[in-house]
Each structure stands twice: as C-alpha cells, then as structure tokens.
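K.L.:
Quick one, fold the following:
(chains A, B and C, ligands or ions: 5)
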Amino acid sequence: MELRFDPDRCIACDSYACLVKCQYLNYDFESAREERIKIAKGEYSRVLEECKTCYACEEYCPYDNHPFYRIVELQEQYGINLAPKPISKQLVKMYAAKEKDLAAIREVGSKALSLCLFPDLKDNVKSKLFEGLPVIMGRQVFCNLVYLHFANMSVIKERARQTIENIRKYGVDELVCFHDECYGFFNSYARAYGIDVPFKTVHLYEYLYNWLKENEDRIRKLNVKVAYQRNCSNRLSPETDRMLDKVFELIGVERAEREYDRENGICCGAVFQMWGEYELAEEVQKKNVEDMVKSGARFAVFNCPMCYVALAERTAKAGLMPILVSDLCRLAVGEMPKIPGRG
Amino acid sequence: MYEELKAIVGEENVSKEPEELYIYSSDPGTMPPVKPDYVVMPKTTEEVQKIVLLANKHKVPVVPMGGALSLSGLVRPLKGGIVVDMKRMDRIIEVNERARYAVIEAGVSEGKLKAYLDKRYPSLRISTPDAPPIASVTANALIHGSGRLSQIYGFHSEMVNGMEVVLPTGEVCRVGSCSVSPYWFSRSPLPDLAGLFIGWFGRTGIVTKLGIKLFPKHRYRDVMIFVTENPSYVSDVIWRVAHTEMAEDITVWAQPKPEWAEGFQHTTIYVTADSEEELEFKEKIIRNALMDYIKQKEGGFLYLTPGMKAMFLQEPMSQLVRFADVRKGGGFEYVGAILPVDLFDVAYQKGLEIVERLGVDWAFSIRIIGRSHCMMFAYAYPFNRADEEDVERARKALHETNKAVLEMGGIPWKAEVPAQQLILESMDEGARRLIKRVIEMLDPNGIMNPGNWEVE
Amino acid sequence: MMEKVNYAEIVHRCFRCGYCKFPSDYSEINCPSYAKYRFETYFSGGRMWLIRAWMNEELEWSEHLGEIMYSCSTCRNCVEHCVFKFNEQLVDVFIAARSDMVERGQVPKKVGEFFSNLAKFGNPWGYAARRLEWVGRDYANNEFLLHAGCVAAYDDRAKRSLKALLELLDAAGVDYGVFSDEICEGNEAMVMGEFGLFEQLMEQNRRRFEERGVKKVLTPDPHAFNAFKNYYGMDAVHHTQLLWNLVKSSELKVGRVEGRLTYHDPCFLGRWNGVYKEPRKLLSRIGSLYEMPRNRKNAFCCGGGSGNFYTDYLGGRDSPARMRVREAAETAEILVTSCPVCLMMLDNAVSDEGLELDVRDISEVVLEALKS
Ligand SMILES: Cc1cc2nc3c(=O)[nH]c(=O)nc-3n(C[C@H](O)[C@H](O)[C@H](O)COP(=O)(O)OP(=O)(O)OC[C@H]3O[C@@H](n4cnc5c(N)ncnc54)[C@H](O)[C@@H]3O)c2cc1C
Ligand code: SF4
Ligand code: SF4
Ligand code: SF4
Ligand code: SF4
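P.N.:
Numbering: from 1, shown residues only, chains lettered A, B, ... in the order given. Ligands and ions are numbered 1, 2, ... in the order given. Just a heads-up that it's a prediction; the model follows:
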C-alpha cells in the first residue's frame, strides 16, 4: 500500500502552495521550496516537527500530490512524537476493533448511515432527516484517520482494508458518512493509497441537501446568521464545502463571512490539547471564537463532533449557540434536537 | 436471651431466624462465613448499652456492624454471639455550619449525610469514600478510611472531632471536646481518648455518636488524568502535583482492562474552585508542574469526553463496584496497603509479580493521603463466588499481597484476621503488649468483637 | 408472556453492595421492604443471596423465607439503581424464584390464601362475582373495554375513584363498556410467581375478549395495564393517558383546582412502563404541582404491589405507605396518585398517621377541575 506521491511534481512546483498557504508555518517562498524539496526527497525537514497536522495542505496543493499524507509518513519514519508517547499509544489501543465489535456486524440493507465512533450522537440522528436509514457505528467501522495527528500512518494502513471489509459485510451499497473524516477516508485517502472501496459513499452535506431539496415544503427558513467551524477533515473533500452553502441556502441560513472559515479554517484545538500544547490550543480557540463573535452570527455551527466538544462550551459562553449542521437542519424542519451527549 | 433482646429492642428488631443468621455471617469479601446467634438493630444509645450489659451477663460476644462493606470480613462474629446492625441509628443530630462539623448517629450512611448536606448546606461537604453509599460514616472513620478530601486533610479518622461510646462494660462515655463542652469542635486540647476506639475494629466499644469534620464545598469540580507508561515516574508526578497545593484529590489507577488501559498508570487529579478563573488557574499550574514530562513526551493528559468526566466526577464513583463483575461472580476484595508514596514503583512491580504468578485478574487503585504523606495502594482481585477455586485463588493472592506489603515496609489497612496476625508479628513488642493490656482493661469479659487484634 | 429467567446464572453475581437500596441521591432508603424491616435480608441484595442459598440447599425453605420473598413489592427501585449489568433482571429473578417455590408448594400462608381465592373467585378476597354490575354499561362492541381491576372493583375508597373516572368518560363522550362479571387479569399472580394461575386467568380473559370482540382495554389500574400491555400483548391505555389526551384536545374542558398538589408515581405505571409525563401534564394543567423529593424513577413505593395490599407484609407502624404520606404531607395538601392500590394504601396510611392530607386519584382531581 503505497502513497501516490510524485516527488518530481514538488521539485518542479511553481507555487509551493502547500507550505506558503499554511496557517501555522510562516515560510516565505524560498524556505517553503527548500523544505518541500527535502520532503519530496524523503529527507528530514523541520516541517516534520512544526506541522500542526491541520490537513489544509491536502486542499492547497493544486496537483493533488498529497503533501500532508507525505508529511505524516515522514514524521513516522523519523520517529517524531507529536504527542506524549503514552497518549499516542493509548489512543491506538483504544480504537482498535475488538472481537465484540466485529460480532456486532449485521446485514442492514443496501443503505446505511455511519456515525463513526460517536455513540453520543445516536439521539441526534433520530430524526425524520434520517428516517429509514439504519445506523452503523463503532470501532469496526472507524476510519482511523485520527492517527494522522499522531504521526502514525502505519496503523491507518494496517486497519484500512479491514474497515472497508467490515462495512462491506453490513451489506451496504451506499454509505452516508456523518463525519467528514470517514468520507475523506473512503475518498481522498483510499485514492491516495490505491485502495478499492466496493461501495458508494455519500457525504453528509450531499445527503442533507438531497433530503431537504425533496422536502422543501417542510422547511421553515431559519433566517439566521451562523459562524461555521470548518474542520480539518473537510480539507480532504473541499468540494463538499460548496455543498454546505447549498444546504444553508435551503434552510435560510447565512454563512457569516469571517476570517477563519473556508480556506482559512483553523483547528478546534482538541488535538493540541492532546499533544500537551495548551498555549497553542488556547490561542487558536480564542481567536477563532472571537472571530465568530465578531461576525455577528447567532449560531456556532459544527460538523465534527470533536470540534463540537472542544468548542461548544466556549462558544456558548461567548453568547453563541453551538449546534451541529444536521441539528440546524432539524430545526428547520421543526424538530427540537437534543444537546449531543446529554440526551 | 432472645426474650431479653426482644425486651430491649422490640420483637421486630431482633432475629435468630436462619435467613438473617445466614446473611449476617459474611460480607461480600473472601473470608469464610461465621454465623451469629442473634442479629439486633438498636435505635438508641440506651438500647446499645442494654445489649452490651446483657452480653456481659451471658458472656456472649457483641459485634457492631455498619454497612458490612470493609470486604475483609470484619463484621463476622468470629466467636458467635450478637451482631449489632447499627443502621437504624441513622439520625443526623446537628450540623454546625460555622464550625464545620456534623454530629451523627453511628448508623448514618455516607449516602445519607452527603445528600443531606447537598440539600441543606450546599457549601459544606464530607470527604466521601468511594465505598457504596450504604457504608456508615462512623465505621469508615473508625477503620481509618480515606476519601475525596484525604489528599488535603488526611485519613477520615483524623477528621473525627469526638464520639459517644458504649464501653465493653456498658458505661457510656464521651471523648473529645464534647466531653467538656456542648460543642463537638475538636479532640484537642485533651488527652486523646479517641485513639482508644479508632483502628480497633470494634474491639474496644461501640461508638454510638460521632462528631465529624465538614469541609468547604466549591462550586466547580473538574478532573484531569495524567497518563504515564513507566511506574517509576508516578511518585514524582504525585509529588509535583501535591506540591502545587492546587489539587483537592489525587488517585492513581492501573489495570489490564479495558485493553487500552493496560500498561499505563493514570494519575487522576481533581481540582475544585469557586470561579472558572480559579479553576483554569489551578489547572494551568498543575499542567505546568508536569510540563517536563509532557515536553519529553513521557506523559500527557488524557482527553476526557464529557461522559468520561461525569463518570470520574461522581461521588461515590459507582462504577467501581462493577469490578466485582469482572469474573461474572459478584466478588472482589482488596489489600489496602498504606505505604509511603516513594514506594510506588516497588509496590507496583511487586503487585504485577504476584498477579502474574498466581494468574489472577487485578486492578491497582491508589489514593494519595495528605500531601503525599502516604498512600492507600489497593491491590484488588475479583473472584467468582460460585467457583470455590476462584475464591481460593483470590484469597491466596490477598494473603501473599499482605505479606509482601509488610515486607516492603507498608501496613495492610482494615486487615483480615490472618493479616492482623501478620501485622502483630511484625509489631514492636511494647506496642503489642500495650494493645493486649488496653483490651483486657476495657473489656474484662472479652465480649467485644473478640478474635480481632488478638495478641497471644 | 414473560420469560422465566435462569436465575442460577445471575444470583451469585450480586455483590451485596446496596446501591439498590437508594434513590439516585442516596437521601433515603428507597426499597420499601428494606425501609420497613431493616434487616439485610429484606433488600434486593439480601434476596439474591438468600435465593442462592436456597437454590444450593444451604438454606431450607421456611415461612420466614417466604415472607422475605413476598415482602418485595416488585417496585423495581432496585432495577433502576443497581449498577451492575444484570440490573434489568433483578425483579425477574425474584419472580422466577417465587415461581419455583410455588411449584414446590412453598408459599407462605397469606400468599396461599391469595392464590386460592383468586383461583376460586377471580379476586383475592373471595368476594362475590358480578363486581361491576352496578356500572350498568355492559360492553357491546365499544371502543374501549374498561377494566377496573380487583381493587377498584371492591375497595370502597378505590371504587369512588372509579366512579369519578366513569363520570369523566361520560362527560367526554368516550365509548366504553365493562364486563359486569369482570375477573382479575392476573398481574399479581404473575409477579407473585403463580404462573399457572396467571395463564388460567389470561386464558379466561382472552376467551371473553375474543367472544365479545374486545380490541382495546382502558384501565385505571397500572397493574392491569402492565399485564394487558406486556403479557397479553394487547392495545392497552391507562386512564392518565386517555385523560391527558381528552384535556389536551379540549374534549374535557377543565378549570383549575385549589391547593398544592403532589403526585405519587405508581410503580407499575412509572418504573414498569415509563409513564411519567401524562399525569404530570394533566396536573400542571389543572393545578399547582409540587414534586416530592422522591419522584419519577426515584418514587418510593406505597408497599402495595405484588399482593402486599392483601398479604400486608409491608404494613404496620413503619410501613412504606406511612413513610410516603409523611413525605407527601411535607410537600403538599393533596396527594394525587393514579392507581387504585396506591390510593387504598395511601388513604389508609393517612388515617393511621392522623395527617391532614387529602389522598385522591387523578380522575377525582380532574373531575373537580371539570366542575370548577
Ligand atoms: C467498591 C468499594 C470501594 C471502596 N472505597 C473505599 C474508599 O474509597 N475509602 C474507604 O475508606 N473505604 C473504601 N471501601 C471500603 C469500605 O467499604 C469502607 O471503608 C466503608 O466505609 C466501611 O464502612 P462500613 O459501614 O461498611 O463498615 P463495616 O464493614 O460494617 O465495619 C467495619 C469495622 O468497623 C466496626 N464498626 C462498625 N460500626 C461500629 C461502631 N458503631 N462502633 C465501633 N465499631 C464499629 C466493625 O465491627 C468492623 O470491624 C470501599 C469498598 C468498596 C466495596
Ligand atoms: S505538495 Fe503540491 S503544492 Fe506542495 S510542493 Fe508539492 S506539488 Fe507543490
Ligand atoms: S498539515 Fe497544516 S500545519 Fe501541517 S504543513 Fe500542512 S497546512 Fe501546515
Ligand atoms: S442487586 Fe445490584 S445494587 Fe443490589 S446489592 Fe446486588 S449488586 Fe448491589
Ligand atoms: S423490587 Fe422494590 S421491594 Fe423488591 S427488592 Fe427491589 S426495591 Fe425492594
């Protein structure tokens, strides 16, 4: 299983957009070029230690040359510990599929919704939006991309085929991915590593859009302005960000123009906390939420449940109403979603 | 005697039926059952007194019992006689808010006192142990229990301000400030008679009332879990955190299940505050105290979801009893070794050696007492009570652990009878003789929970 | 029909930790039989250990053991608060063990009486049949069969509440009828472990339902509600649910009643069947509802369930019913419930305690609100 990465592309690159646009590394063109060439050649580069694993360069690279996956591979190769070792190791163990997870696999019919590893959300998808869509979740369907934040590409590779095989065993032809990360895995990641995915995957935004479009008569436009937290894994499927705009339009939501959205989205900070980089976490959270407030939005909208956990309280204290994209859609069809994880 | 007991407590509060004798012959631990002759449930000090006088008359043993949750079989009537279930004496007599103490009857449960304070005195709290809530505050203090505030204030026995006791000969006496004053504010400045009743497993009298210290309860309480993969770091981690004086409570746990926990030590740090700023400040100081470990990538804080936090913040932590279901057989018992914190690594390695050799399931659960003055290192072993071999394996592991603890310089807490004997064997000869003399002096007829702290 | 659990696989897993004695906040003893007796034998954990000892022949059956087993009102507080994974099965274990005891003829005296009266007369007291003749509305293809249950059919106090319900149904134009010769639906026989008798009663009832075309049962008795819904597998409605629907849809136009109200959750409605909302919505609509400290999942049982309203193992000075009315009197002036058994137990307890507390069934309060 090898990364489809072409070193010559980087050596011949005209933009070095991957590093030049990076929100965390302030390199000028020249040093970006220098470092990127090292990376292309598989040499040690300071990028390996300075990268904050925000996934953004996957989107920035105009040539689809997978700069971020390449970085993670090298981080691992050079034995770089982004997080304290016990934390990384424990995480690897925590999400490995166990016997009992595999035993939970059942035929569910041709279509299903994957809730990834977020059991706290099971009440949030009890909704007419997801009616008739069986829910699958657990370690057996987990995409494992979280280890991209922990310089651990090999565990993702190791588990990739099994995860896909497990989902196949559910008998689905079409899998709706609640979490961007899963969608990113089945599409961006699988393509980058030449892994065959024997079923179709649908991004949550596309699913929501289709449902809402078909049920337009049931929508009561919300007429609110929201600040959107674009999460790291959405970088793996930038086209879905456009789909979100269409979803918002359908439900009467204005996506506030703000500094840290779209191409400039920033991390929720959860990963930095796991790494023990508390000051960095504090800094990004603070400026992100201040920016949300400044935008005049009423809601802080999340798709990633992890971002939600990391920022919900903080946004609420700043006077915004934290909510998931799907729950916002539920509001628009007259449902009262519950707070995730609190019933 | 049955008739006489009936006359004291009323017919409905005494039993000699096989069903009660069966249940009161054991606790949930591994010690073999011993049947009492009677079970009685007094309501007042006078009734307790009469029971003790009656026992003296007939030279029959009396064994006081609270929640029967020590797990070391301490409420089994080793020589038969009367088990006195104290739980009907469950009045909360007084709470002195300003002097921060409560006076309670001996059967008041941890759960009841906690609920009472939560409701009526929201700025006061007890140091809750993680024992199931029916455990009695009094027995817990008398056996040197520890709990959620022990890291700052020490053993629960140190929180005792005074008590009312029925002596083995039937006299009622008060110790502590309440022996002189209407207030139960402290044991000082008098000869400290409380020591005659603390740590004796009911061998020296039945406590009927207890004055217990209460402490400030703060509006915010949070938990942080620091994970390491090297047990030799842990005593330093604890030392650093305790040094900040920002942590209210520090515990450590290590166990092989769930799988992700195996091989790691989890130092669990509780922080309380009255404002968010204070909380953040304290947490930051604690994180900074451990920053060397974090920078060297040798330790880090576990990311806790709200669900996990809620579990760790619960008082008592109810999930702990579920350890008894590990072998699907309703049992576990632990050696609670009181040790200097410095011995963490030694104690940990020794424990691993024992469990590997004997092939038992296990969990280590450690509570820091005082500013790392010492720790209660619990070696817990689950067993299936329906499988006698399994029970025997656990029993053996417990016994070996007790021995190992004494060898490394620790002392088993709430020791089972065999372990009490091990302790006495290691004890200074003068102290042993003093124990014997105290018992003989207080209990000439040898009726109070005989069989415990028995010096030959 | 409920499946009989294999308790041999469960009883030894109880740790006897006592979480099951309490409500969520640990403030009071919440197992009614333990609250009264206070011996460790009388709570869920004690029973688990005793059943095991009896099963392993370490203990012989005795009248006393029988009384311990039957003083459990199957209130399910332990199910709610036991922290172990087998918590859901606790009461099933007690029921199954009772059933094995019954099969061996091991039943305490009063329980034996209860069973034989039920078998012979279709009610626990051995009273005359044709118990609902006085209603004068025999079922004839109506929307609902109104099933009163034994206590509402015979107990004077509970009967008054049934009359109030009938008045309300008439006022709202609900289409119902009764069997004037109604017999027990058998819920108590079931939970007391007399499975044979229960099946016989269920058979008889089912036959009548079939013959007379009954599709839907309406009942003010949560015990009956439980049996119809969960054992008969029928479409069953409890009167709190129906009344709330009628009030919500303004088919019953109600005013308000005076006085502080509090609500006692009947175990077979609340913890057994999860009906907590409807009675509260009703009461909040028509008056001022104040909660007792122990409510909903933490409600303290009146001590009447599992035949205890008859066997009286939970009677006396320290009876749960008397504790409960004391708690209610500290909260409110009117104690409302929605079960004939609770009503009878609590009403008696108020007289015994000499309290100034008014005990009413919810239909009586709604009726007052209708008239006000
Ligand atoms: C899951 C679990 C967690 C636990 N966690 C903790 C913990 O965090 N901290 C802790 O300290 N303990 C803990 N324990 C141990 C134990 O349950 C507690 O210490 C408990 O408080 C003991 O109280 P009890 O009422 O059950 O005592 P019992 O077992 O009833 O009695 C203990 C001893 O005190 C004597 N005694 C009882 N009442 C009197 C009296 N009135 N006068 C004189 N002597 C008397 C008895 O004879 C006996 O020797 C835990 C136990 C379990 C099962
Ligand atoms: S990864 Fe893409 S943007 Fe970066 S240097 Fe290579 S080709 Fe250019
Ligand atoms: S992943 Fe993010 S932080 Fe790392 S190099 Fe790419 S853009 Fe920069
Ligand atoms: S039934 Fe459950 S809560 Fe009760 S004693 Fe047994 S294990 Fe503990
Ligand atoms: S069902 Fe109720 S009465 Fe029976 S043991 Fe459980 S709590 Fe006690």
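
K.L.:
Just the element for the residue of the stretch 151-300 of chain A found nearest chain C, please.
P.N.:
Closest contact between the stretch 151-300 of chain A and chain C, by Cβ to the nearest Cβ, is at A:R220 (23.3 Å). Where C-beta positions appear, they are placed from N, C-alpha and C, glycine not excepted. Here A:R220, judged by DSSP states H and E, is contained in no helix and no strand.

K.L.:
Next one: it from A:V301, what distance?
P.N.:
From A:R220 across to A:V301, the span is 18 Å (Cβ to Cβ, to the nearest Å).

K.L.:
Of those two, give the one with the bigger neighbour count.
P.N.:
A:V301 (28 against 11; other Cβ atoms under 10 Å in any protein chain shown).

K.L.:
I figured the residue of the stretch 151-300 of chain A closest to chain C was touching A:R330, is that so?
P.N.:
No: with contact defined as Cβ atoms under 8 Å, A:R220 does not reach A:R330; the gap is 11.5 Å.

K.L.:
I'd like to know how many residues surround C:E58.
P.N.:
By other Cβ under 10 Å, 13 other residues sit near C:E58.

K.L.:
what sits against it?
P.N.:
B:Y22 (Cβ atoms under 8 Å, 6 or more residues apart in numbering or on different chains).

K.L.:
how close does the residue of the stretch 151-300 of chain A closest to chain C sit to ligand 5?
P.N.:
Using Cβ to the nearest ligand atom, to the nearest Å, A:R220 is found at 47 Å from ligand 5.

K.L.:
C:G303 now?
P.N.:
Going from C:G303 to ligand 5 by Cβ to the nearest ligand atom gives 8 Å.

K.L.:
Low-confidence stretches in the chain?
P.N.:
Here I'm looking at chain A. Applying pLDDT under 70 to chain A picks out residues A:342-343.

K.L.:
hm, I was asking about chain C
P.N.:
The model of chain C has pLDDT under 70 over residues C:1-2.

K.L.:
So which bits of it are right by chain B?
P.N.:
C:12-19, C:21-22, C:25-28, C:37-41, C:46, C:49-50, C:53, C:58-60, C:62, C:64-65, C:68, C:83-85, C:316 (Cβ under 8 Å from any Cβ of the partner chain).

K.L.:
Can you list phi and psi of the nearest residue to B:P340 once chain neighbours are set aside for me?
P.N.:
Computed as Cβ to Cβ, 6 or more residues apart in numbering or on different chains, the closest residue to B:P340 that is not its neighbour in sequence is B:C374, at 5.6 Å. Backbone torsions of B:C374, given as degrees, to the nearest 10, read phi -160, psi -180.

K.L.:
And the pLDDT at B:C374?
P.N.:
B:C374 is assigned 97 on the pLDDT scale.

K.L.:
bridging residues for it?
P.N.:
B:I369 (DSSP bridges).

K.L.:
which residues touch B:L343?
P.N.:
Residues near B:L343 by Cβ under 8 Å, 6+ apart: B:235, B:408-410.

K.L.:
Residue numbers of chain C in contact with ligand 5?
P.N.:
C:31-33, C:43-44, C:47, C:72-78, C:91 (Cβ under 6 Å from any ligand atom).

K.L.:
Can you tell me which of the residues you listed is nearest C:E188?
P.N.:
C:T74 (9.3 Å; Cβ to Cβ).

K.L.:
three-state assignment of the closest one?
P.N.:
coil (DSSP: H, G, I helix; E, B strand; the rest coil).

K.L.:
Then C:T262?
P.N.:
Under three-state DSSP, C:T262 comes out as strand.

K.L.:
And for B:I269?
P.N.:
Three-state call for B:I269 (three-state DSSP): strand.

K.L.:
If it is in a bridge, with which residues?
P.N.:
Counting by DSSP bridges, B:I269 is bridged to B:M224, B:I250.

K.L.:
What is the neighbour count of residue 5?
P.N.:
If you meant another chain, say so; for now it's chain A. 17.

K.L.:
please go with chain C instead
P.N.:
Neighbours of C:V5 (other Cβ under 10 Å): 19.

K.L.:
List the residues that contact it.
P.N.:
Neighbours of C:V5 in contact, by Cβ under 8 Å, 6+ apart: C:89, C:92-93, C:96.

K.L.:
and it, how far is that from B:T44?
P.N.:
Look at C:V5 and B:T44: by Cβ to Cβ, they are 42 Å apart.

K.L.:
next one: B:Q314
P.N.:
Distance, B:Q314 to B:T44, using Cβ to Cβ: 34 Å.

K.L.:
wouldn't C:V174 be in contact with C:F144 here?
P.N.:
Yes: with contacts counted by Cβ under 8 Å, C:V174 reaches C:F144, the gap being 6.8 Å.

K.L.:
which residues do these two both contact?
P.N.:
Shared contacts of C:V174 and C:F144, defined by Cβ under 8 Å, 6+ apart, comprise C:L218.

K.L.:
all helices of chain B, in order?
P.N.:
Shown for chain B, the helices assigned by DSSP state H span residues B:2-9, B:18-23, B:45-58, B:110-120, B:137-142, B:150-153, B:231-244, B:276-289, B:291-295, B:306-313, B:344-358, B:388-407, B:417-426, B:429-442.

K.L.:
Buried residues, the last one. List them.
P.N.:
What it means is helix B:429-442. B:432, B:435, B:438-439, B:442 (16 or more other Cβ atoms under 10 Å in any protein chain shown).

K.L.:
Between which two of those residues is the distance greatest?
P.N.:
The widest separation within those, taken as Cβ to Cβ, falls between B:R432 and B:L442 and amounts to 16.4 Å.

K.L.:
so what's residue 238 closest to, chain neighbours aside?
P.N.:
Went with chain A since none was named. A:E59 (4.9 Å).

K.L.:
nope, chain C
P.N.:
Per Cβ to Cβ, 6+ apart, closest to C:H238 is C:F225, 4.6 Å.

K.L.:
ok, that neighbour - contacts?
P.N.:
C:219, C:236-238, C:268-269, C:273.

K.L.:
Could you identify the most distant pair in those?
P.N.:
C:V237 and C:F268 (14.3 Å).

K.L.:
Between the two, which is the more surrounded one?
P.N.:
Using other Cβ under 10 Å as the criterion, C:V237 and C:F268 rank with C:F268 on top: 31 against 17.

K.L.:
For C:N123, give its distance to ligand 3.
P.N.:
Distance from C:N123 to ligand 3, by Cβ to the nearest ligand atom: 77 Å.

K.L.:
picking that back up, quick check, the helix or strand containing the residue nearest to A:P238 touching ligand 3?
P.N.:
Assigned by DSSP H and E, A:E59 falls within helix A:56-60. Yes: on the criterion Cβ under 6 Å from any ligand atom, helix A:56-60 is in touch with ligand 3 at A:56-57.

K.L.:
Present the contacts of C:F225 as JSON lines; the columns should include distance to ligand 3 and secondary structure.
P.N.:
Converted to JSON lines, the contacts of C:F225 look like this (distance: Cβ to the nearest ligand atom, whole Å; DSSP: H, G, I helix; E, B strand; the rest coil):
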{"residue": "C:T219", "distance to ligand 3": "65", "secondary structure": "strand"}
{"residue": "C:A236", "distance to ligand 3": "60", "secondary structure": "strand"}
{"residue": "C:V237", "distance to ligand 3": "60", "secondary structure": "strand"}
{"residue": "C:H238", "distance to ligand 3": "59", "secondary structure": "strand"}
{"residue": "C:F268", "distance to ligand 3": "60", "secondary structure": "coil"}
{"residue": "C:L269", "distance to ligand 3": "57", "secondary structure": "coil"}
{"residue": "C:N273", "distance to ligand 3": "54", "secondary structure": "coil"}
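
K.L.:
Between those residues, which sits nearest ligand 5?
P.N.:
C:F268 (11.4 Å; Cβ to the nearest ligand atom).

K.L.:
show me the residues around the residue nearest to the closest one when sequence neighbours are not counted that make contact.
P.N.:
Leaving aside its sequence neighbours, C:F268 sits nearest to C:P222 (Cβ to Cβ, 6+ apart; 3.7 Å). C:P222 sits next to C:238, C:266-269, C:272-273, C:275, C:338-339 when contact means Cβ under 8 Å, 6+ apart.
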